[in-house]
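A.B. asks: Next input, structure requested:
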Amino acid sequence: MTVQDVRAFNRFYTGLIGALDYGRHLYAPYTLTESRVLYELAQVPHLDAVDLRTRLGLDAGYLSRILNRFEDAGLIERGPSRSDPRRRRVRLTAPGREAAALLDERARDTVGAMLDTVAPADRPRLAEAMRAIQDILGAERPRPGEVVLREPQPGDLGWIVQRNAALYAAEYGWNADYEGLVARIVADFAEDHDPHLERVWIAEQDMRPVGCVMCVRDDAPGTARLRLLLVEPGARGHGIGDRLVGAVTDFAREVGYRELVLWTNDVLGSARRIYQRHGFALVAEKPHRSFGKDLVGQDWRLDLRESGE
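C.D. replies: Modelled structure (predicted):
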């Protein structure tokens with residue numbers, strides 16, 4: 001590959017992006033950079049301004065002017081960071097989330113229309129080429145052995161079902177009933193979830209998943225439910241479970257849930273100790289026959305208002 005090859009691709013891609021936004025309606029009434037800011041803020045409950053600037057590679061003054069306009073328009077609110085009072089935390093308001101959702105819908109429709117022009121047989125090759133470019137030229141990879149928490153990628157939800165079924169069968173002798181339960185939980189999330197209020201985290205180490213957890217809405221108002229915490233045997237003992245539970249509690253508190261609940265079984269001693277470290281309290285337990293075993297089910301609860309003080 002030569003410099004000219006890269007420049008030729010850049011000219012082609014720049015022209016393609018311009019064609020997608022023919023008429024300049026895609027980002028209206030925002031600029032492309034403002035749209036990128038809204039998109040990043042929509043991905044997480046909040047971001048420190050300095051982290052937002054790093055993600056987007058923006059000049060501090062330029063980003064500050066954008067945030068000032070957004071705050072004047074009621075799209076964001078700013079306050080001191082919980083991790084460092086010297087930093088400023090930025091989060092979308094309800095109108096800000098609506099604006100970001102509208103931009104996301106336009107982008108999906110526009111890209112969908114472009115993909116309609118690509119022959120079905122060519123789409124896997126196109127996707128693989130895009131992934132290759134991202135892998136080769138993308139952000140710095142984690143150091144060997146480093147664990148990162150990320151959103152699920154295609155295939156990860158299936159991995160959650162498979163690993164739960166395999167591990168609980170191997171370690172506790174649970175039968176296929178448990179796999180069916182996990183499959184229903186995952187399918188319900190995949191088919192219908194609110195990305196602002198529900199999330200899945202995958203713990204990844206050396207380019208492979210080693211753990212997972214889910215946060216979903218519970219039937220009770222203002223309540224979230226922690227589900228399907230799992231850490232691979234070879235990755236245990238390094239605090240991954242604590243990080244996953246911490247991610248759920250931080251997320252649930254930031255998006256406004258009042259309490260976090262979970263159901264587990266008394267045989268899962270390691271998981272229960274993690275819940276206790278994060279402030280969960282046992283509120284009820286009951287013997288039951290499930291997954292081919294006699295078990296004692298336990299309900300645990302965390303008051304997010306008290307633990308956040």
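
A.B. asks: can you pull the contacts of residue 58?
C.D. replies: For residue 58, the contact set (C-beta atoms under 8 Å, 6 or more residues apart in numbering) comprises residue 33. C-beta coordinates here come from the backbone N, C-alpha and C atoms, glycine included.

A.B. asks: Give me the pLDDT for it.
C.D. replies: Looking at residue 58, its pLDDT reads 80.

A.B. asks: got it, and residue 112?
C.D. replies: pLDDT, residue 112: 85.

A.B. asks: Now name the helix or strand holding it.
C.D. replies: helix 94-115 (DSSP states H and E).

A.B. asks: Show which residues not belonging to that helix make contact with it.
C.D. replies: 20-21, 25-27, 30, 35, 38-39, 41-42, 70, 73-76, 92, 123, 196.

A.B. asks: all strands for the chain, in order.
C.D. replies: All strands of the chain, identified by DSSP state E, fall at 47-48, 76-80, 88-92, 147-150, 199-205, 208-217, 223-231, 259-265, 281-290, 293-303.

A.B. asks: which stretches of this structure have low pLDDT?
C.D. replies: 14, 16-25, 82-86, 138-142, 306-309 (pLDDT under 70).

A.B. asks: Break it into its domains for me.
C.D. replies: 3-137, 147-307 (automatic domain parsing).

A.B. asks: from these, which stretch is densest packed?
C.D. replies: When the domains of the chain are scored by mean count of other C-beta atoms under 10 Å, the highest mean neighbour count falls to domain 147-307 (a mean of 16).

A.B. asks: chain center to it: distance?
C.D. replies: Taking the mean of its C-alpha atoms, domain 147-307 sits 14 Å from the chain's own mean (C-alpha atoms, centre = their mean, to the nearest Å).

A.B. asks: Now for the most centrally placed residue in the chain: which residues touch it?
C.D. replies: Residue closest to the average C-alpha location in the chain (C-alpha atoms, centre = their mean): residue 151, at 3.8 Å. Taking C-beta under 8 Å, 6+ apart, we find residue 151 in contact with 199-202.

A.B. asks: Try it again at 10 Å.
C.D. replies: 43-44, 195, 199-202 (C-beta atoms under 10 Å, 6 or more residues apart in numbering).

A.B. asks: how close does it sit to residue 101?
C.D. replies: Distance, residue 151 to residue 101, by C-beta to C-beta, to the nearest Å: 17 Å.

A.B. asks: again with residue 31
C.D. replies: Per C-beta to C-beta, residue 31 is found 18 Å from residue 101.

A.B. asks: Equivalent analysis for residue 90, please.
C.D. replies: Distance from residue 90 to residue 101, by C-beta to C-beta: 18 Å.

A.B. asks: Then residue 271?
C.D. replies: With C-beta to C-beta as the criterion, residue 271 and residue 101 are 35 Å apart.

A.B. asks: hang on, isn't residue 160 packed against residue 182?
C.D. replies: Yes - with contacts counted by C-beta atoms under 10 Å, residue 160 reaches residue 182, the gap being 7.0 Å.

A.B. asks: shared neighbours of the two, which are they?
C.D. replies: Contacts common to residue 160 and residue 182, judged by C-beta under 10 Å, 6+ apart, are 227-228, 230.

A.B. asks: Make CSV from those and add distance to residue 1 to it.
C.D. replies: CSV is the format used below for the shared contacts of residue 160 and residue 182 (distance: C-beta to C-beta, whole Å):
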residue, distance to residue 1
227, 46
228, 43
230, 41
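
A.B. asks: With adjacent residues omitted, what lies nearest to residue 46?
C.D. replies: Closest residue to residue 46 apart from its sequence neighbours, by C-beta to C-beta, 6 or more residues apart in numbering: residue 91 at 3.9 Å.

A.B. asks: how about that neighbour, what does it touch?
C.D. replies: 41, 44-47, 76-79, 97, 254-255.

A.B. asks: ditto for residue 230
C.D. replies: Applying C-beta under 10 Å, 6+ apart, the residues near residue 230 are 159-160, 163-164, 167-168, 182, 203, 209-213, 240-241, 244, 271.

A.B. asks: For it, which non-adjacent residue is closest in space?
C.D. replies: residue 212 (5.3 Å).
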